[in-house]
Every structure is written in C-alpha cells, then in structure tokens.
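[1] Build me a model from this:
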Amino acid sequence: MNFSELSLSDPLLRAIQDEGYSTPTPIQQQAIPYVLEGRDLLGVAQTGTGKTAAFALPILQRLGRPARGRRAIRTLVLAPTRELAAQIGDSFSAYGRYTALNHAVIFGGVGQRLQVNALRRGVDILIATPGRLLDLMNQGHIDLSHVSIFVLDEADRMLDMGFVHDVRKVVTELPTRRQTLLFSATMPTEIVKLSRRILDDPVRVEVTPSASTVEKVRQAVLFVEKADKRRLLSEVLTSPGIRRALVFTRTKHGANRVVKHLLRDGHSAVAIHGNKSQRARERALRNFKDGSIRVLVATDIAARGIDVEAVTHVVNLDLPNVPEQYVHRIGRTARAGAGGMALSFCDREEIAYLLDIEQLIRQEIPVVQQHPYRGEFDRNTPATERPPEDQPRKKSRNRWGGRGGWRGHGKR
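    Numbering: from 1, shown residues only. Below you'll find the predicted structure:
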C-alpha cells in the first residue's frame, strides 16, 4: 500500500513526497481511514511507529480551509512533554506546508508572551502541554468552544507524570460533540477508564502488543555493582560501534553527575531533564541530532519526546521501577526500520525491576557474562543479599573478550 491509496488530498501527498515517505506504517494504514471518517479512535502502538502522521494527516484534511473571519482553535492536541509537543508541531508544519492551515505550540518553561501573541492572531491547530494550556485558559487567552477534534497523545505518559487530573479539566472545557483520538503505548487500567469516559463508540487500532519491545532492538543486561556503573558506562562508550547513545538515569542530579564523569573521561555528552531551561534542552537535542554530541543523558521525562534517527544504542544506567517505562526507553533506538541495541545495567537492588521487565516483555534478556566490572550476582540472587563490606570490587582481566563478552555480544 502507498499513501495515495488512503484517499489523502494532493497537497498532503505532495508534502509526504517531500518528506521522502512512500509507504504508510501499519498504524497509519489502519488509523487514517477511520480518522477521515470522523470516528473516535483508540490507538495502541509503540513509540517510533508513526503515530503522529496517523492523526496529523487526516486532521489536516478534515479541517480543510481556515474558518472565515478570525481563526478559532478547531483542533487541540495534548502532549505530555515540551519535546513531544515541539515534535508534533514540526510534523504539522511538514505535512501542512501546502495547506492554508496554521498551528501553534505552547508549553511551560519559557515566557508566554510569544505564545499569547500567536493565539491572538488566530490558530487552527493548537498543540499544548497540560500545565501551560490550563494556565493560559485561566488567564482568558484560550477558547476551546470551537474544538471539533481532540487528540490525547501518549496518554499513559500523561498518567505517569501525574497529568490525568489536568486532562480531565481540559476535557470539561471541550464541546460534547467532537471527534476524540487517544493514543497510548500501553494500556494500564487507568487509561482504559479514561478512554471510556472521553471516547464515543471508538474503533481500536493496535498494531503491536502494548507490552512488546521493538523487534529490531537487540537487548542485553550487564550485572554491575551500583558504585561501578559510571565507570562501566565510560568503558562501554569506548566501543566505536556506539555512534550515538541515549543514556537513561533515574534522577536529574544523577544525569548531571554522569555527564560530568563522561566529560572527564573524554566523551562528548550533555544532559537533558526537567531542570534544564527550554533553550538548553533544545540546544542539547540539536547537538545530539547533528552529531556534535555523541551521548545524550536523559531522565524519563524525555523518554517520549526524543525522536532522533540513528540512535544506535540506548543504555539504561538505572533500570526503571515501572516496567512499561523500559519499553518506552528502548523504543528510542531501532527507529524508521533501522536496527539498534539496548544495554541495561542492573545492580543488586534492581534485580526485582529486571524480573518485572522480563515478565512484562515475556522474554529473558541475554546477559553479558564478561565485562570489566562484572558483579558477583545474577537474576537469582536474593534482593537482601549484599557483598561483605571488606570485600574489594574485582575488575575482570578480560576486557570485554571471550564468547560472553561485550565485543562479540549480539553479532549476527
């Protein structure tokens, strides 16, 4: 199938061709016809599967031309993070370049003056994060009474970040008669309940099991004591095969410490997290995309908003305590049909997290048996077991060699 078979207009097909796309992804093939029909839709798909185009293209077609007179907000897209909101805005710019429709992106962390000015000029499509949206609504800058299409993207991430109550507040301000599209990578109970409240007789589109990992991502776990993780990361990054790496930490301060350690060891690295200004976050992403920076260290707040092609490796320096987050993290590699690898560093206290992840993805992650800081434990070690205080940490003499070592791991 190609895009011309999806009943899209010529301006949209021209824009798609400009972007170099010819064949729609499975989520696009299934979702676009239903959205064009005006149906409510529940889309379950992993990150990196083309969800944005699955709703952006038919929305642009359904809106047609701008309303006569002053533009009113007719489509609202709600996203959990600044990065994802900006990414969605870029997609609307690309796909809508040959239409007369316009859009605005609003989020917190920056001054509101430019955003308010854009709203005053009139906007057809508004992409927003919940906090800034409610703030500007309370100030009287946003009127949602004309919204005919509402998109809730990355709904499960909204839940993780505590935005569910904000989403419900926004929904109460929307017209009752509207088309609603809800997209989520996973479907926890809370999202199922929310979908029942805001969707009207929806069609469900699910292109992959919600808890599965990207098929082309090779996965491996490295058992290592917590104190040795940063040293192990520096050692791993000496591999020339790691051309662009995304490293996940549990905390913002932890991300900063990792970057400091990597810079000291001669690696080019930068951190991105909620404490960074919007300008610093945009600069970090730009440098990571253009190859100026080889390693981007991020917290989970950025897991859904980073859409960078050619990320060869994802490294879970800290395992997530929510197993679904593992799926989101490793989905940052193996995008657009490319291959990728996910390495997870597991210390003694994280064994339970590893077991939860393996239960979720229904597979046992292969273990790298030989590496310089191999911990003397495995997935069967009781969580309460700790190494004796007087026992020194041993560094293996085998620098990633041998059949079970890093250098040969995952080769096909």
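
[2] all contacts plus neighbour counts: C-alpha atoms, from now on.
    Noted.

[3] low-scoring stretches of the stretch 301-412 of the chain, by residue?
    301-307, 334-338, 383-412 (pLDDT under 70).

[4] wait, what's in contact with the residue nearest to L144 when sequence neighbours are not counted?
    Nearest in space to L144, with sequence neighbours left out and distances taken as CA to CA, 6 or more residues apart in numbering, is L174 at 5.8 Å. Applying CA atoms under 8 Å, 6 or more residues apart in numbering to L174 gives the contacts L144, S145, V147.

[5] With neighbour count, pLDDT and distance to R65 added, can I get those in a markdown table?
    Conversion of the contacts of L174 to a markdown table gives the following (neighbours: other CA atoms under 10 Å; pLDDT from 0 to 100; distance: CA to CA, whole Å):
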| residue | neighbour count | pLDDT | distance to R65 |
| --- | --- | --- | --- |
| L144 | 18 | 97 | 19 |
| S145 | 13 | 96 | 19 |
| V147 | 22 | 97 | 15 |
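
[6] wait, which of the residues you listed is closest to A185?
    Here the nearest of the contacts of L174 to A185, counting by CA to CA, is V147; it sits at 25.0 Å.

[7] what sits against the closest one?
    So V147 contacts I73, R74, T75, L76, L174, P175, R178 (CA under 8 Å, 6+ apart).

[8] S148 is in contact with the last one, correct?
    Which is R178. Yes. Using CA atoms under 8 Å, R178 is in contact with S148, at 4.6 Å.

[9] if we can go back for a sec, distance of the residue nearest to L144 from G122?
    18 Å (CA to CA, to the nearest Å).

[10] can you list contacts of stretch 123-132?
    Residues contacting stretch 123-132 (CA under 8 Å, 6+ apart): 66, 71-82, 85, 88-89, 101-108, 163, 166-167, 170.

[11] and this structure, what are its domains?
    Here the domain parsing of the chain from automatic domain parsing is 3-206, 217-361.

[12] Save the contacts of L174 as TSV, and put in secondary structure and distance to V308 too.
    Formatted as TSV, the entries for the contacts of L174 read as follows, by DSSP: H, G, I helix; E, B strand; the rest coil; distance: CA to CA, whole Å:
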residue	secondary structure	distance to V308
L144	coil	32
S145	coil	35
V147	coil	31
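
[13] which one of those residues sits closest to V259?
    Using CA to CA, the contacts of L174 come closest to V259 at L144, 42.3 Å.

[14] ok, now which ones touch that closest one?
    Counted by CA under 8 Å, 6+ apart, L144 has contacts I73, R74, E173, L174, P175.

[15] the strands in the stretch 251-400 of the chain, which residues?
    In the stretch 251-400 of the chain, the strands defined using DSSP state E, counting those that start in this stretch lie at 269-272, 295-298, 313-316, 340-346.

[16] What subset of the contacts of L144 is buried?
    I73, R74, L174 (16 or more other CA atoms under 10 Å).

[17] Test my guess that the first one contacts D143.
    Yes. I73 lies in contact with D143 (CA under 8 Å); the separation is 7.3 Å.

[18] Provide a list of residues in contact with A79.
    A85, I127, A128, T129, P130, L152, D153, E154, M158.

[19] same deal with L237?
    H267.

[20] R196 versus that one, what's the distance?
    Distance from L237 to R196, by CA to CA: 46 Å.

[21] next one: T238
    Using CA to CA, T238 is found at 49 Å from R196.

[22] count of neighbours near I149?
    Using other CA atoms under 10 Å, the number of residues around I149 comes to 24.

[23] Cross the contacts of stretch 123-132 against helices and list the overlap.
    R82, A85, I88, G89, D166, V167, V170 (DSSP state H).
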